[in-house]
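pasted the sequence and its predicted model underneath.
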Amino acid sequence: MERKPDVILIGAGIMSATLGTLLKEFVPDWKITVFEKLDKPGEESSNEWNNAGTGHAALCELNYTVEKPDGSIDISKAIKINEQFQVSRQFWSYLVNRNLIRNPQDFIRPLPHMSFVQGEKNVAFLKKRYEALSNNPLFQGMEFSDDPAKLMEWIPLMMKDRTINGPIAATRIDSGTDVNFGALTRMLFDHLKNHNVEIHYKHKVEDIKRTSDGLWELKVKNLVNGTVERHTAKFVFIGAGGGSLPLLQKTGIPESKHIGGFPVSGLFLVCNNPEVVAQHHAKVYGKAAVGAPPMSVPHLDTRYIEGKKSLLFGPFAGFSPKFLKTGSNFDLIGSIKPNNVLTMLAAGVKEMALTKYLIQQLMLSKEKRIEELRQFVPNAKSEDWDIVVAGQRVQVIKDTEAGGKGTLQFGTEVVSAADGSVAALLGASPGASTAVHVMLEVLQKCFPQHMKEWAPKIKEMIPSYGVSLVKNPGLFQEIHDATSRTLGLTARELVYS
C-alpha cells in the first residue's frame, strides 16, 4: 500500500505542528501527512508535564548570560533567544486573529519571570546581568532587589522562615509568560485536521530510504493491526524528539554522520497542597550546580496545567538509555554506529563532570530532593510534594571546530540534506519556545526556491521577520503590545484563580 503526499511529518509534537501550520498558510494545496507512534498529539517532549513551559525568553535563565573573563556580561545569546520567542508570539497572535486557533488563555498566561541567587559572588553577577539587560529594549521593566523586605513581597513562599546569613538578591520582570506547549500542540493539530492534513496516530516509522527517482520511502508500521505500509514523499521532516536521531541515521545522508546523542531524563517535584501553591506566583530560576547540564538549572515554577494552577520544582537529572519516555532500553546502544563511535567515546572522556553529576542525581532519595527544594522553599514539607517523571531529552554530540571531537551541544539543531529533501530537528532547550523561528530555518534550508514567493505571507504573520527588534525598539514595542492584547497578556493581576 503506497501513497504519495508532498510532505511527510514524523512525530506529532510542537515542531511538526508548527511546520505543518506554516506550510498550510503558504501552500494550502500541498498534501501533508503526519505519522505519530502514540495515540494523540503532544504526548512526548511537547507535553506540559514533560517540559518547563517557560516560554524561554531569556528573562530569567542565567545560563543564557555568561560572565566573560574581563568580568563583563555577554548578553548576545539572551537577545537572540528573546527575539526568537517574539517570533513565536507573533505567529500565535496571527493564528488567534484569524480564528485558526482560539482561547489563547488555554495555552499562554502572563507570569513574572525571576532570577534568584545567594552569596556575594552570585549577587554581584546578578546585579551586573541586570545592568546589562535592563538597558536593552527587549528587557525593559526588569527590576533588581537585594532587599529582603522587597523579596518578601515578590516571593513570600521563598522568603518565609528563611535564615539570611549573607547577600541575597533577585530580578523580576512582569512580561514573562507560562506556555502550555501540550495544549498548543493539540490546538494546532486540530487546526491541521480541519484543513485536510492526514494524521495517522499509532503509526511508527521503522525505516526511511531514498528511492531511485529521488523520493523518500518510509516503511510505516500500523501499531493497531500490525500491517506495514509504504509511503513516499518529496520532503520529509523528522520531528520525533529523542526519536529523531535514529531516523536521521536511517536516511544515510552524509550530514547524519559523526553525530551522536546522549539521553538525559528529568524528575520534578509537584506540590499537592493548594494552600502552598497559592502562595507563589512566578517562575524563579536559580544557578546550576557545578557540572550540571544547562537544562538542569533549578527552578520553582508556577504552571497552568489542565486549567489549574500548579507548582513544580526541579528538574532533577536522571539517566535512562531510552531516547523517548516511550522508547526502548536499546536506543542509546542502537544509535552508536561506526561513523560516530569515536565522537561518542571522545564525549565520554570530556564529560566526566556531567557523568559524575548524573550519578549523584540518580542516587538522591526523595528526602535529599526535598532538601534541595528547601534552598528555594525553606519550610517545604515532604508530604506536600510528589515526584513526577518529566520528558527525555537527547543532547546532541558532534565534532566541532571550536570544541573538537565529541562536543556536547546544548540547544536545538536542524540537520538537513544538501538538496533540502529531508530535515531533522535534534537537541533540547530552548526548543518549543523557539519553534517558529526554527521551522522558518527549516523552510529556508529546504525550500530556498520558494522563500521569495512566501516572503509577503511570512511578513504578514511575523511583522518583525528579517528585522532586528533590538535595533528597532519602536517596532518591538508596537509588536509586543499588539501580541499581548491578542494573546490576553496585558493583565497585570498578580494572582489567578
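That came in fine, so what should we check first?

which residue is most remote from the mean position of the chain?
Distance to the chain centre peaks in the chain at residue 212, reaching 36.9 Å (criterion: Cα atoms, centre = their mean).

contacts only, for that one.
Taking Cβ atoms under 8 Å, 6 or more residues apart in numbering, we find residue 212 in contact with no residue. Using the backbone N, CA and C atoms, a C-beta is placed for each residue, glycine as well.

next: the one 4 residues further on.
Listed by Cβ under 8 Å, 6+ apart, the contact partners of residue 216 are 8, 208, 209, 210, 232, 233, 234, 235, 236, 251, 421, 422.

excluding its backbone neighbours, what's nearest it?
Distances taken as Cβ to Cβ, 6 or more residues apart in numbering put residue 236 closest to residue 216, at 4.7 Å, once the chain neighbours are dropped.

what pairs with that neighbour across the strands?
residue 8, residue 422 (DSSP bridges).

so which elements touch the lengthiest strand in the chain?
What stands out as the longest strand in the chain, according to DSSP state E, is strand 385-400. On a contact count with 3 or more Cβ pairs under 8 Å, 6 or more residues apart in numbering; DSSP states H and E, strand 385-400 meets strand 259-271, strand 308-318, helix 341-350, helix 366-373, strand 404-409, strand 422-427.

partners of it in the sheet?
Applying DSSP bridges, strand 385-400 is found paired with strand 259-271 (antiparallel), strand 404-409 (antiparallel).

can you give me the buried ones in the last one?
This points to strand 404-409. 405, 406, 407, 408, 409 (16 or more other Cβ atoms under 10 Å).

now that strand: mean pLDDT?
Confidence for strand 404-409, expressed as mean pLDDT, is 80.

can you give the distance from that strand to the centre of its chain?
Centroid displacement of strand 404-409 relative to its chain, using Cα atoms, centre = their mean, to the nearest Å, is 21 Å.

helix or strand right after it?
Elements were assigned by DSSP states H and E; along the chain past strand 404-409, the next helix or strand is strand 412-416.

in that next one, what counts as buried?
Judged by neighbour count (16+ other Cβ under 10 Å), strand 412-416 contains these buried residues: 412, 414, 415, 416.

what about the nearest residue to residue 174 once chain neighbours are set aside, distance to residue 62?
In space, and not counting its chain neighbours, residue 174 is closest to residue 112: 5.1 Å by Cβ to Cβ, 6+ apart. Distance of residue 112 to residue 62, computed by Cβ to Cβ, to the nearest Å: 16 Å.

do the same with residue 404
Counting by Cβ to Cβ, the gap from residue 404 to residue 62 is 26 Å.

again with residue 136
16 Å.

name the residue in these two with the higher neighbour count.
Neighbour comparison, residue 136 and residue 62: the larger count goes to residue 62, with 23 against 15 (by other Cβ atoms under 10 Å).

dihedrals phi and psi, the more buried one?
The phi/psi pair for residue 62 (degrees, to the nearest 10) reads phi -70, psi -20.

my read: it touches residue 285, true?
Yes. Here residue 62 reaches residue 285: they are 6.3 Å apart, a contact under Cβ atoms under 8 Å.

could you name every residue contacting both of these two?
Counting by Cβ under 8 Å, 6+ apart, the contacts common to residue 62 and residue 285 are 115, 297.

so what's the residue count around residue 226?
By other Cβ under 10 Å, 7 other residues sit near residue 226.

which residues does residue 150 contact?
So residue 150 contacts nothing (Cβ under 8 Å, 6+ apart).

against residue 374, how distant is it?
Using Cβ to Cβ, we find residue 150 at a distance of 22 Å from residue 374.

about what we covered before: could I get the helices and strands packed on strand 385-400 as CSV with distance to residue 452?
Converted to CSV, these look like this (distance: least, Cβ to Cβ, whole Å):
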stretch, distance to residue 452
strand 259-271, 31
strand 308-318, 43
helix 341-350, 37
helix 366-373, 52
strand 404-409, 32
strand 422-427, 20
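
can you say which of those is packed in most?
The highest mean neighbour count among the helices and strands packed on strand 385-400, using mean count of other Cβ atoms under 10 Å, belongs to strand 422-427: a mean of 25.

tell me what angle whatever helix or strand comes next after it forms with strand 422-427.
Counting by DSSP H and E, the next helix or strand C-terminal to strand 422-427 is helix 435-446. Interaxial angle of helix 435-446 relative to strand 422-427 (axes from the mean of the first three to the mean of the last three Cα atoms, to 10 degrees): 140 degrees.

list the buried ones in the next helix or strand after helix 435-446?
Later in the chain than helix 435-446, the nearest helix or strand by DSSP H and E is helix 451-461. Neighbour counts over helix 451-461 (16+ other Cβ under 10 Å) mark 454, 458, 461 as buried.

list the contacts of helix 451-461.
Helix 451-461 is contacted from outside by 25, 26, 90, 91, 94, 440, 443, 444, 447, 465, 466, using Cβ under 8 Å, 6+ apart.

if you count contacts, what does the helix or strand that it is followed by end up packed against?
Using DSSP H and E, the helix or strand that follows helix 451-461 in sequence is helix 473-486. Secondary-structure packing of helix 473-486 (3+ Cβ pairs under 8 Å, 6+ apart): helix 76-97.

let me see the mean pLDDT of the following helix or strand past the helix it packs on.
Once helix 76-97 ends, the next helix or strand along the chain (criterion: DSSP H and E) is strand 108-110. Taken as a whole, strand 108-110 carries a mean pLDDT of 95.
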